[in-house]
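A.B. asks: got a sequence here, can you build the structure:
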Amino acid sequence: MERFIFDCDPGHDDAVALAMAKGLSEYFKLEAVIATFGNQTREKTLTNALNLVQALELDVPVYEGSTEPLLRERVVAANIHGENGLAGPVFPPCRIKSAGNGIRYALDTVINNPGEITFVSVGPYTDLAVCIKSDPRFAKSLKRIIVMGGSTCGGNVTNTAEFNVYADPEAAKIVFDSGVEIYQFGLDTTLQVMLNEDILNRVRNSEETTYKKIFLASMEYYVKSCKEFIHDYPAMHDPCTIAFLADPSIFEFRKVRVAVDCKSQLNYGATVDLREAENKNVYKAVKADSEKFWNLFFKALERLP
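C.D. replies: Alright, predicted model coming up:
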């Protein structure tokens with residue numbers, strides 16, 4: 001059973017990913033959640049992660065990740081995710097607290113369990129990059145890395161850059177250049193897994209649960225903001241990583257090296273596939289079976305509190 005650390009910046013699609021991690025727990029073992037900056041400030045994403053872990057009855061610690069990118073000024077996605085980063089649902093008072101420093105936790109856990117821990121990053125890759133640079137044993141000890149981010153089909157924050165990479169391109173470069181086996185879920189594939197009204201109605205008609213209320217309140221806001229700013233229903237970007245862990249057959253991949261533009265003013269944060277490069281280490285998802293994904297989502301939904 002694959003053991004993984006989930007580094008996230010909740011975030012509406014992060015919240016769905018956490019729910020799927022709970023509902024599909026027979027396929028893998030979630031070791032811990034690390035909340036980093038990204039969709040909102042780290043203070044806000046940490047609050048969201050703690051609220052979600054409590055509501056989902058996830059028996060895992062929640063750690064604090066980075067507050068800032070390595071070099072660039074911090075950017076957030078308040079226009080999409082709201083002022084608290086997870087606009088829509090209202091949570092009861094949170095009884096659980098941060099377990100401490102996520103960087104130290106990840107370093108210790110991975111190095112002391114060589115070849116056993118997968119690191120899943122669905123926010124900016126800053127925490128992962130800091131771990132890689134902090135101790136040379138870290139990258140060598142990882143089982144593999146799974147990331148959401150990047151795009152070769154156009155960006156969602158600039159014409160060429162996807163948000164997670166744009167939020168810290170220098171960190172993304174460190175990760176993609178690490179030599180570790182990486183499974184990448186960029187916009188090329190995540191935009192194939194779209195929410196729609198039929199899916200929402202199916203959720204509305206499902207059994208009443210705490211998570212159903214959270215999901216519908218969350219998606220009511222998320223759909224509205226996505227239609228305003230990207231003129232479409234939202235894609236399930238981050239949940240693709242969890243779906244892959246549960247059922248890899250949902251996706252098709254191409255092996256590449258990934259370069260990150262950290263210098264160009266126009267293309268800062270863009271990712272480029274180097275198909276002819278040597279030492280290719282990235283399995284880039286190129287196709288998703290949307291029907292399989294949603295079947296897996298509803299399988300998880302039936303098991304949630």
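A.B. asks: ok, the closest residue to residue 262 other than its chain neighbours to residue 129 distance?
C.D. replies: With CB to CB, 6 or more residues apart in numbering as the criterion, residue 262 has its nearest non-adjacent residue at 4.7 Å, and that residue is residue 169. From N, CA and C alone the C-beta is placed, and that goes for glycine too. Taken as CB to CB, to the nearest Å, the spacing of residue 169 relative to residue 129 amounts to 10 Å.
A.B. asks: also residue 279?
C.D. replies: Residue 279 sits 19 Å away from residue 129, going by CB to CB.
A.B. asks: okay, these two: which has more neighbours?
C.D. replies: A side-by-side neighbour count of residue 279 and residue 129, using other CB atoms under 10 Å, places residue 129 first with 24 against 8.
A.B. asks: tell me if the more buried one really is in a helix.
C.D. replies: Yes - with DSSP: H, G, I helix; E, B strand; the rest coil as the criterion, residue 129 is assigned to a helix.
A.B. asks: residues in contact with it?
C.D. replies: With contact taken as CB atoms under 8 Å, 6 or more residues apart in numbering, residue 129 is in contact with 70, 168, 170, 171, 172, 174, 175.
A.B. asks: work out for me the element residue 96 sits within.
C.D. replies: Assigned by DSSP states H and E, residue 96 belongs to no helix or strand.
A.B. asks: hmm, it is touching residue 49, no?
C.D. replies: No - the pair residue 96 / residue 49 is not scored as a contact, 9.8 Å apart, by CB atoms under 8 Å.
A.B. asks: overlap in contacts, these two.
C.D. replies: residue 62.
A.B. asks: neighbour count winner among those two?
C.D. replies: Neighbour tally, residue 96 and residue 49, criterion other CB under 10 Å: the higher count belongs to residue 49, 31 against 13.
A.B. asks: distance of that one from residue 285?
C.D. replies: When distances are taken as CB to CB, residue 49 and residue 285 turn out to be 25 Å apart.
A.B. asks: what is the neighbour count of the closest residue to residue 207 other than its chain neighbours?
C.D. replies: When the adjacent residues along the chain are set aside, residue 207 lies closest to residue 302, with 7.6 Å between them (CB to CB, 6+ apart). Burial of residue 302 is recorded as 10 neighbouring residues (other CB under 10 Å).
A.B. asks: neighbours of the closest residue in space to residue 155 that isn't next to it in sequence, how many?
C.D. replies: With CB to CB, 6+ apart as the criterion, residue 155 has its nearest non-adjacent residue at 4.1 Å, and that residue is residue 161. Each residue near residue 161 was counted by other CB under 10 Å, and the total is 25.
A.B. asks: got phi/psi on residue 161?
C.D. replies: In terms of degrees, to the nearest 10, the main-chain angles of residue 161 are phi -110, psi 140.
A.B. asks: what pairs with it across the strands?
C.D. replies: Each beta-bridge partner of residue 161 is listed here: residue 270, as defined by DSSP bridges.
A.B. asks: what does the model give it for pLDDT?
C.D. replies: We have a pLDDT of 96 for residue 161.
A.B. asks: sorry, back to before: ok, the residue nearest to residue 207 touching residue 23?
C.D. replies: Yes - when contacts are counted by CB under 8 Å, residue 302 is listed as touching residue 23 (7.4 Å).
A.B. asks: low-confidence ranges in the stretch 101-250 of the chain?
C.D. replies: Applying pLDDT under 70 to the stretch 101-250 of the chain flags no residue at all.
A.B. asks: could I get the full set of helices for it?
C.D. replies: 102-111, 126-134, 136-141, 163-166, 169-176, 187-190, 197-204, 210-229, 239-246 (DSSP state H, counting those that start in this stretch).
A.B. asks: so which of these is nearest residue 273?
C.D. replies: helix 187-190 (9.4 Å; CB to CB).
A.B. asks: can you tell me what sits against the closest one?
C.D. replies: Among residues not part of helix 187-190, those counted as contacts by CB under 8 Å, 6+ apart are 148, 150-156, 162, 235-237, 240, 251, 284-288.
A.B. asks: and what of stretch 191-211?
C.D. replies: Under the contact criterion CB under 8 Å, 6+ apart, stretch 191-211 has outside partners 19, 55-56, 153, 212, 215-216, 219, 222-223, 232-236, 239-240, 287-288, 290, 293-294, 298, 301-302, 304-305.
A.B. asks: how long is that stretch from one end to the other?
C.D. replies: When the termini of stretch 191-211 are compared using CA to CA, to the nearest Å, they are 24 Å apart.
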